[in-house]
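Participant: Sequence and predicted structure are below.
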Amino acid sequence: MREPLGSHFRRLPRDFCRGLHSCNRAQRRDLKSARDTGKIAIAKGTRDAESAELDVSSRLATILVTGGAGYIGSHTLVELLAAGYDVVCIDNFSNSSPEALRRVERIASRPVRRVDGDIRDKRLLELAFAAAPIEAVIHFAALKAVGESVLRPLDYYDNNVGGTISLLHACRGAGVKRFVFSSSATVYGIPQKLPLTEDMPLSPVNPYGATKLVNEQLLRDLCVAEPAMSVVSLRYFNPIGAHASGLIGEDPRDIPNNLFPCLTQAAIGQRERLSVFGSDWSTRDGTGVRDYIHVVDLALGHVCALRHCAQSTGFTPINLGTGRGTSVLELIKAFEQASGQPVPYQIVERRAGDIAECYADAGLALRLLQWRATRDVKQMCADGWRWQQGNPSGYS
Ligand code: NAD
Ligand code: UD1
């Protein structure tokens, strides 16, 4: 249940209200009522709003971030704020907690403007765009559980594709032309060749992956129809780890399926042991190989993508990975070394739908974005462990 907002939020700072000047009268009335009812708020930070305003001259543009309270979104908010951007975050907290945003503010010592609700709510989106002159959008909000997407395809298409369509309408209404989309390596499906380059065939094997591909196609078509649009679609490989502060990290709501949260849960004793899905793959030690990427490196990739959007037009898909594969057993070993904690595990049957190996060619990101991942697997493990130890029940 949503918490009573009144007790958690303070009045809006003056620079928020400056955004009102660009609104028409109806939007100003709606904004005021949304603010009064707590739909739009500024989360309580460590600094007061007046002192945050002193920095305004050195700030860059305002970025609207959908799904900013989530795992990757919260880390990206931190890096955007550190880079000098202002942010407006819209999230319905279907898979996250408002506490993540308060922690972001603690880390960044900067405020996060918050619009609570669903990106399929047209009216709310209009309010979000009217709250400040939005320069660009970073679109994280989506459902992401592969197994669930097989059981509930309608919900996945509705949320992930319907949400993007609604957001793009709002972008057009507000004249926003720069858009960074959260895609996934899952769009490639079963790799024909490794490493994966952006021009390889796209053939996702589950409804979640299909929603990512449909969104990419939509954005590609839009860029043809509207030549001033600039869209970067970031295809993430396997994000793991957490912010070095230990204050934000991955907080799976249900039983996790991905390797890293299962591994940390086994290490802390929340599950008896980690199941390793197969040791008979055609890889160097028989276990599955993936391109794990530190979530902070991934977040920094978004800041670089925004800069690229400002200098280009059209649709550009870009892999965000390290270009290096790590096997399950290698990750367990790296984790044990980084944490000093043994990871109980057992080899079990292969998981249905798994592939042996997957890693990125990260060359395009370096050429176009001047971005490369710098944090190694040991660092990913150390940071992920710090988060897990300090927050055994996540944000709750
Ligand atoms: P997450 O679930 O932690 O974050 C998604 C956020 O979006 C959550 O805060 C959720 O409450 C919000 N949200 C979902 N639907 C919404 C809606 N209709 N309106 C408003 N808010 C909504 O997921 P994440 O791991 O941070 O992933 C972020 C994005 O990256 C997603 O698009 C995901 O598909 C993509 N991605 C993630 C991974 C990964 O391994 N985590 C890999 C590849 C791609
Ligand atoms: C999964 C998703 C993919 C998504 C990606 C990142 C599937 C089929 N694919 O891919 O769509 O983009 O996560 O969110 O779910 N493993 C174990 N034990 C575990 C969990 C995993 O051994 O308990 C192994 C897997 O077999 C694999 C590796 O660890 O070899 C990584 O698994 P996972 O974290 O689920 O990522 P992906 O398989 O890449």
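Facilitator: Arrived safely, thanks for sending. Ligands and ions are numbered 1, 2, ... in the order given.

Participant: By proximity to ligand 1, which residue of the stretch 51-200 of the chain wins?
Facilitator: Closest to ligand 1 within the stretch 51-200 of the chain is residue 70: 2.0 Å, counting by CB to the nearest ligand atom. C-betas here are computed from N, CA, C, even on glycine.

Participant: And the nearest residue to that residue once chain neighbours are set aside, how far from residue 295?
Facilitator: Excluding its sequence neighbours, the residue lying closest to residue 70 (CB to CB, 6 or more residues apart in numbering) is residue 96, at 4.7 Å. As judged by CB to CB, to the nearest Å, residue 96 and residue 295 stand 14 Å apart.

Participant: same check, this time on residue 70
Facilitator: Here the criterion is CB to CB. By it, residue 70 lies 11 Å from residue 295.

Participant: Repeat that for residue 191.
Facilitator: Noted for residue 191: a distance of 23 Å to residue 295, by CB to CB.

Participant: swap in residue 103?
Facilitator: Distance, residue 103 to residue 295, using CB to CB: 14 Å.

Participant: Residue 357 too?
Facilitator: Separation of residue 357 from residue 295 (CB to CB): 22 Å.

Participant: More neighbours: those two, which one.
Facilitator: Remark: of residue 357 and residue 295, residue 295 carries more neighbours, 26 against 17, as counted by other CB atoms under 10 Å.

Participant: Verify the contact between that one and residue 238 for me.
Facilitator: No: judged on CB atoms under 8 Å, residue 295 makes no contact with residue 238 at a distance of 10.2 Å.

Participant: quick check: longest helix of this structure.
Facilitator: helix 207-225 (DSSP state H).

Participant: Report the angle between whichever helix or strand comes after that one and helix 207-225.
Facilitator: Per DSSP states H and E, the first helix or strand lying C-terminal to helix 207-225 is strand 230-236. Computed by axes from the mean of the first three to the mean of the last three CA atoms, to 10 degrees, the angle separating strand 230-236 from helix 207-225 equals 160 degrees.

Participant: can you list contacts of the very next helix or strand once past strand 230-236?
Facilitator: Where DSSP H and E defines the elements, the next helix or strand beyond strand 230-236 is strand 238-240. Contacting residues not belonging to strand 238-240 are listed as 71-72, 185, 250, 258-260, 290-295, 298, 321, 380, 384 [CB atoms under 8 Å, 6 or more residues apart in numbering].

Participant: Okay, now the sheet partners of strand 238-240, with direction.
Facilitator: strand 292-294 (parallel) (DSSP bridges).
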